[in-house]
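Chemist: fold the following and give me the result.
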Amino acid sequence: MSLIQRTLILLKPDALSRAVCGEILSRFEKKGLKIVGMKMVKPSAEFFYHHYETIGQVISRRGQEVFDLNLEAMQRTPVIAVAIEWVEAAKVVRQMVGATEPASAAPGTIRGDYAHMSYAYGDAALKAIPNLIHASGDAEEAKLEIAHWFTESELFEYDRADQSFLY
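Modeler: As a prediction, this is how the structure comes out:
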């Protein structure tokens, strides 16, 4: 079993609206992760349903209202889908992204540095939590998500200049 894996991140509408996509992507590149696919898309509600419920079980875990608020927020602007490759990519990316609830995310993580809202506030205000980024939960979920967001021809193999030091 190879420890070189791929994982998915989505830069959400709040990341685009706040113009922090480049800063977020640069954090992954500086860590040594390799971008192997990237595109800006505006998916349909059905596409997001498959991503968030069929794969991610959001309705099952958090309820229909949370799902509906999230779906509405995700359709405000396009999103940037990024496939990333590295040693134990899903685990590394999840650590860098931080807790899903920004108020619980540690300083130094993407959500800890760029977001702050709590679930309690979001629930009281009937507002989706702007947490900037989606990251696959684990390597198996990443495989399903990447297959959902990218075709094989949209994913690339290449060597980074620093690859011999990183791998």
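
Chemist: so which helix or strand of this structure has the lowest pLDDT on average?
Modeler: helix 163-166 (a mean of 74; mean pLDDT, DSSP states H and E).

Chemist: what's the spacing between it and its chain's center?
Modeler: 25 Å (CA atoms, centre = their mean, to the nearest Å).

Chemist: could I get the CA-only coordinates of it as PDB?
Modeler: Output of helix 163-166 as PDB, limited to C-alpha atoms (Å, rounded to 0.1, in the frame of the first residue of the first chain):
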ATOM      1  CA  GLN A 163      10.000  16.300  -5.000                       C
ATOM      2  CA  SER A 164      13.200  14.300  -4.300                       C
ATOM      3  CA  PHE A 165      13.400  16.000  -0.900                       C
ATOM      4  CA  LEU A 166       9.800  15.600  -0.100                       C
END
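
Chemist: in that helix, which residues are buried?
Modeler: Buried residues in helix 163-166, counting neighbours by 16 or more other CB atoms under 10 Å, are absent. From N, CA and C alone the C-beta is placed, and that goes for glycine too.

Chemist: and if you look at stretch 117-133?
Modeler: 117, 122, 128-133.

Chemist: can you check stretch 57-67 too?
Modeler: 58-59, 62, 66-67.

Chemist: cool, and stretch 50-57?
Modeler: So stretch 50-57, judged by 16+ other CB under 10 Å, has buried residues 50-53, 55-56.

Chemist: ok, back up a step: can you list which of the buried residues of stretch 117-133 are found in helices?
Modeler: If you go by DSSP state H, those have Gly122 in helices.

Chemist: with that, I have no additional questions.
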